[in-house]
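Chemist: I need the structure of the sequence given here:
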Amino acid sequence: MRKIENKLYRIQYYTRVEIVEAEIKKELFEYLAKQESKGYLISSVVEIDYYTGKTPRIAFKTNNEYKKIKRTLQIK
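Modeler: Got it, this is the predicted structure:
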């Protein structure tokens, strides 16, 4: 067991759910772009705030930083 140091995010795919830890959003966006490039369909991403229990939705597909990361992955 280990202590959670960073923010947690719940990624909802069409067939499964995954919990990931990311220090900054760029790290999360890179992971999401890699998953989509592998063919996984992501339906939603929420941040899990373990202090308040709130789960705000992350609008990553319309985020300019995510779009730029996705374009650089497609070039490679």
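Chemist: quick one: residue 66 is in a strand?
Modeler: No. Secondary structure of residue 66 (DSSP: H, G, I helix; E, B strand; the rest coil): helix, not part of a strand.
Chemist: my guess is it meets residue 32, correct?
Modeler: Yes. Contact between residue 66 and residue 32 holds when scored by Cβ atoms under 8 Å: they sit 6.9 Å apart. Any C-beta I mention is one placed from the backbone N, CA and C, and that applies to glycine too.
Chemist: Give me the more crowded residue out of these two.
Modeler: residue 32 (24 against 21; other Cβ atoms under 10 Å).
Chemist: Let's verify that one: helix, strand, or coil?
Modeler: helix.
Chemist: Provide a list of residues in contact with it.
Modeler: Contacts for residue 32 (Cβ atoms under 8 Å, 6 or more residues apart in numbering) come out as 11, 42, 45, 60, 66.
Chemist: go with 6 Å
Modeler: residue 60 (Cβ atoms under 6 Å, 6 or more residues apart in numbering).
Chemist: For residue 43, see how far away it is.
Modeler: Distance of residue 32 to residue 43, given as Cβ to Cβ, to the nearest Å: 12 Å.
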